[in-house]
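>>> Here you go, sequence then predicted model.
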Amino acid sequence: MWKLLAVGMMAATAFGWMPMSGMAQINGSQHGQFHAQRILVQPRPGLGAGALADLHNRKRARVLHKFAAFQELQVIELPAGQNVLDAVREYQASGLVLFAEPDYVVHAVGAIPNDPRYADGTLWSLNNTGQGGRTPGADIDAPEGWGILHDATNVIVAIVDSGLRITHEDLAANLWVNPNEIANNGLDDDGNGVVDDVNGVSVLNGVKSGVLTDEAGHGTHVAGIIGAVGNNGVGMVGVCWRVKLMACKFMDASGNGYISDAVTCIDYARSKGAKVINCSFGSSNSVYSLQTALNNCRTAGIVVVAAAGNDGSDNDALPFYPASYTLDNIVSVAASDGNDALAWFSNYGQNSVDVAAPGYVIYSTYPSADNGYTYLSGTSMAAPLVSGVLALMRARYPLESPAQLLRRLYDAADRKAGLAGKCVTGGRVNLFNALNNYQMLATNYNWISTNGHVPLTLADNGVSDALPLPFVFNFYGSNWSNLYVGANGLLGFESSGLDSISNNDLAGSSPPNSVLCPFWDDLNPEAGGAVTYGVDGSAPNRRFVVTWSAVPHKNYTSTKFTFQAVLEESSQRILFQYQETRPDRYKTAYGYVGGGGRATVGIKDSLGAKAVNYEINGVPRLVSNATAIVFVPLPAEAMAITPAAGFASAGNAGGPFTPSSQTYTLANNGNVPLNWQGAVSQPWLSLSASNGLLGVGASTNVTLYLNAQANALPGGNYAAQAVFYNNGNSNTPFIRSISLAVAGTNALLSVAPASSLVSTGYVGGPFSPASQLYTVMNPGDAPMSWVATPSDGWLTVTPGGGTLSAGGAVTMIISINTAANSLQTGRYTNRVFITNLTTGAGSTSRVVELEVLTLPALLSVSPDVDFYASGIAGGPFEMSPSIYTLSNAGLGSLVWEVGHQAVWLAVSPENGSLAPGQSVTVNVMLSGDAAGLTPGVYHDVLVFTNKTSGAGSLIREAILTIYPPPGVLQVAPINFLALTGYVGGVFAPDSVGFKIENVGGSNLAWRATADANWLSLSLEEGVLEAGEVTNITVFPAAQASALPAGQYTNTIIFTNMQGSVIAPQHEVTLTMFPKPFLQPIYGGRTPEDFRFYVVGQPGHKYVLEVSQNFTNWVGFLTNTVGSNGFTEIVEPVSHDVRRQFYRLRVPNWFQ
């Protein structure tokens, strides 16, 4: 039997998640992407909040958020339908903000799905940020890879396993559907011997069906790792967001299956068009039938991903199959952990295991429910990660063989110290690296004529001088303008190594690098043929062509080759064409020594980190006559703008401004043409060009300048932005900030509101209102100095003056100060003069009118505190204060009264009259009713009333807090207690009990302790509620058994932790006696009997027991020790022979 390869299953859990909400509506106009209803504004410093708020109201906008740490930067929401750029211009023109700008969209690198378990970091194998103490980056770089490709929509991945739950929320949409089968009609529609095999096949003990139920759970977990539906807002995401998952079930509920069933499943997958087969199972048995089935998959172009095993063993020494089969379409996968080390359970093999992938504590789908998920560990979890990567690779590189795909996979792996020596690559798979390379595709053969091309004179193994390219060519992210041609069928952007005849694997850092190898072999153009170069077509669709025409092999001079390499300007593709490379007549006993039998075909970057091999020294033998292959780069649009600085200008209103312009250089550093656009946020700015198309490596200058509208700006500080962006993708826009300082010539004072301050109050104050706020503004276009001066000393103005920039504003407070308290009865008028010190324009004043009234009878009460009383139920009580002093601080006599409602409160006296300046004391106390109140908090008020004028009338709160009586601890019994025991144990009584009770009114904490350690207590402390009872038991501790014979005294102390020890203390005595024992009588045996003594405490009971075998004892005599301390025992010899052994047992004699 063959077994599944998962370890450490954790409990399955179902999660219900809400989809993540998408971004609000996006405006994708020519100005780039930004929010359709939001802008950001920076208020001008010193501006009153009211001015900008008024503008918000007029535009029906609202402030969503303010950033105090960014000078009150505001996020503004506009009403629906309002044009964002129009709003930006209007806010900027208002003069109330330093700048206004759209809320631009920026984009993360890579693609991020909205699946909850990806967002919360559960799927660490896809994106490891250090969650759970793992090492950041110890993952397969999924989001970076998804930025290139995340769907393998037409790639079928067969999961040869235990089946899967076809109704699972994260799998159903990605299931393969048999196009020739009608679901649930009970018929074998496609005639393959299986009824209703809609989503795959089940083969159990030779019986085929379309029932894919996963009883083991393993296959469903594997399926989710490969292709749980991405970006569907539920659960998780697999390596492939979209893929076709084919279930091939051969394992039963226990995870076991027969090899014959596995072979049937694999052949089913082959016949139905699978391109990747996941085998997360294995055995130490090498089975030829399984190897044959997998070899058939190789012939069909199918990659097989096999788990390396979970025994922690070396597959080099102990092979594990199918992972250990040496077929070039099988990849053997070990499991790594979250720190890029080999997982503790994983098999390994420096020569037999190819690569590692995360396989420890992996979260995925589970068949417990349609929303079931769980964690599993194993190489079974590592293998499907690789299967998902290979499915995306198959989608990106559709024409490559399994060997070519696996070569890319191995070259792309991240080499890690923790995996060195554990697998062939010493690395962990990397999705981004695997996808971020040239595609290699077959294309139409269309030979380009060499007429008019320039011949090169190349010696054997010679290299040309640098040939200038007619256009910039981007190769693996670098731009090149020159090219070198080697005699041996290769060309490169660097000359080093182009003379080599060692046409081996292109992978690795050894020269040649930055190389193109259309047909790298030991050729010799010096012996014949020609090597030429030339340009075909016109810009921007030119092609640079290098051709080897009838160039012979050095060792087989009659074997001549004609081929060419082409660099395309517009697409930046690399084309290899073969006219004559495989004349079969040159086949020898050593193989195809001529005609491409030993050629290497492919490309490699400048560092040797990335390469694409088509043939390596003739393996596999793919090149043939009249064919062409093309290497297609991953489109990479890269715009650069210099300088990075913004543009700042200044000048007087009407101009000129210095500087008046700034020139920026826009460059295309990508490998495809760049369609760029530019825009400005203010009408007083212009660009010399607002769009254009840049070829690869090209650049252009764009001038940003102040136009005629800038001359019409009034004085003030202005801000704007210029935005440059790539119109062909979603790269973040390049933003340059512009500031313009316009010095105005007119300063104008404006003060609001126009109303006066009118106040009133009694002699001595206070006065109400005591102040009024005014806004001092400069609506002019030049800075203004101002001052505010009151005409009398009982007014204060804050601030009293200052300088306002054009459009600036400040809040001014006019207030009545303490000097007004000395004013006598009457009406007073004051005036504050606000003066424009710069131009005088707008200077004004504000009137202050104050009416001082004669002070009437005025009640004053002290102290200025409320009345508090507290105590336990029934009293006594504490009160504070108990006396209030009432005074007449007015000019006329007054009648006063003190009232209250509660019956527990009393006042004496309750009323009276006071002449001006006279005082009286009022006693506030608790009545007798307070003693009858239950615990709680009681409220009332003391109302002090001026019955003459009402002036000074006030209220004081009266609060009474009654606490429950304290807890009182009572213990019973309280009498003396005595214990008796034998040395070594047996006590009577064996314990005594106490009842403890809280007879008070509040909770109490208690503690019980014993003076000496030979007593133990069942409870030593606790809390008792009022009226609660508990019992504790006191018993001899282990130390009591070790006491020698004698009398001992101990004391049990009960303590109320609220502060008292309960008396009397409870005394316990212990009397220890020696145990009775048997003592033989010297010479005590006679022919008639056997004699011995029982020695012990007089009167103590004992039991004499007998046994024949020293195992089964029987008591035959119960007696007491005699008064002289011993008892003689006489046993006749004629007694039953069973009485051969005697022992003494001590009962509880004192019971």
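Okay, I see it. All figures in this text were calculated on a predicted structure; none of them were measured in a lab.
>>> F473 contacts S570, correct?
No. Using CB atoms under 8 Å, F473 and S570 do not qualify as a contacting pair, with a distance of 11.4 Å. (C-beta placed from N, C-alpha, C; glycine too.)
>>> Comparing those two, which residue is more hemmed in?
Neighbour comparison, F473 and S570: the larger count goes to F473, with 22 against 16 (by other CB atoms under 10 Å).
>>> Tell me what the more buried one is bridged to.
Per DSSP bridges, the residues bridged to F473 are W480.
>>> so who does it touch?
With contacts defined as CB atoms under 8 Å, 6 or more residues apart in numbering, F473 is in contact with N479, W480, S481, L483, F493, F544, L567, E569, Q572, V696, G697.
>>> Low-confidence ranges, the stretch 851-1000 of the chain, go.
Low-confidence segments of the stretch 851-1000 of the chain, defined by pLDDT under 70, span residues 974-976.
>>> Show me where this protein has its helices.
For the chain, the helices defined by DSSP state H occupy 49-58, 84-93, 116-119, 142-146, 218-227, 259-271, 288-299, 379-396, 402-412, 431-435, 1038-1041.
>>> List the buried residues of the second one.
Right, helix 84-93. Using 16 or more other CB atoms under 10 Å as the burial criterion, the residues of helix 84-93 that qualify are V84, L85, A87, V88, R89, Y91, Q92.
>>> of all those residues, which comes closest to L204?
For those, the residue nearest L204 by CB to CB is V84; the value is 63.2 Å.
>>> tell me which residues form a beta bridge with the closest residue in space to that closest one that isn't next to it in sequence?
Beyond its immediate neighbours in the sequence, the residue positioned closest to V84 (CB to CB, 6 or more residues apart in numbering) is P102, lying 5.3 Å away. Here P102 shows beta-bridge partners I39, assigned using DSSP bridges.
>>> if I look at F345, how far off is V424?
20 Å (CB to CB, to the nearest Å).
>>> can you check T600 too?
Using CB to CB, one obtains 21 Å as the distance from T600 to V424.
>>> Show me which of the two is the more surrounded one.
Neighbours per residue, other CB under 10 Å: of T600 and V424, the larger number sits with T600, 23 against 16.
>>> Setting the sequence-adjacent residues aside, check what's closest to that one.
If you skip the residues right next to it in sequence, T600 has N503 as its closest partner in space, 3.9 Å away by CB to CB, 6+ apart.
>>> same question, A262
Excluding the flanking residues, the one nearest A262 by CB to CB, 6+ apart is F250, at 4.9 Å.
>>> The residue lying closest to H1066 once chain neighbours are set aside: what's it in contact with?
Once flanking residues are discounted, H1066 sits nearest to I1052: 4.2 Å by CB to CB, 6+ apart. When contacts are counted by CB under 8 Å, 6+ apart, I1052 is found next to F994, A1008, T1009, A1010, L1015, L1017, V1034, Q1065, H1066, E1067, V1068.
>>> Determine the number of other residues adjacent to the first one.
Put plainly, it is F994. By the measure other CB under 10 Å, the count of residues near F994 is 21.
>>> does it really touch I1053, like I thought?
No. Taking contact to mean CB under 8 Å, the distance of 11.7 Å between F994 and I1053 leaves them out of contact.
>>> shared neighbours of the two, which are they?
With CB under 8 Å, 6+ apart as the test, F994 and I1053 both reach A1008, H1066.
>>> How about stretch 1031-1051, which residues are buried there?
I1032, V1034, F1035, P1036, A1040, S1041, L1043, Y1048, N1050.
>>> what about that stretch, how long is it end to end?
Terminal residues of stretch 1031-1051 lie 18 Å apart, using CA to CA, to the nearest Å.
>>> Begin at 40 from now on, thanks
New numbering, starting at 40: the last item is stretch 1070-1090.
>>> Counting neighbours, what do you get for the closest residue to K1034 other than its chain neighbours?
The spatially closest residue to K1034, leaving aside those adjacent along the chain, is A1011, at 4.9 Å (CB to CB, 6+ apart). Residues contacting A1011 under the criterion other CB under 10 Å number 12.
>>> what sits against A1011?
Applying CB under 8 Å, 6+ apart, we find A1011 in contact with F1033, K1034, E1036.
>>> Enumerate every residue touching the second one.
It refers to K1034. Under the criterion of CB under 8 Å, 6+ apart, the neighbours of K1034 are V1010, A1011, V1068, T1069, N1070.
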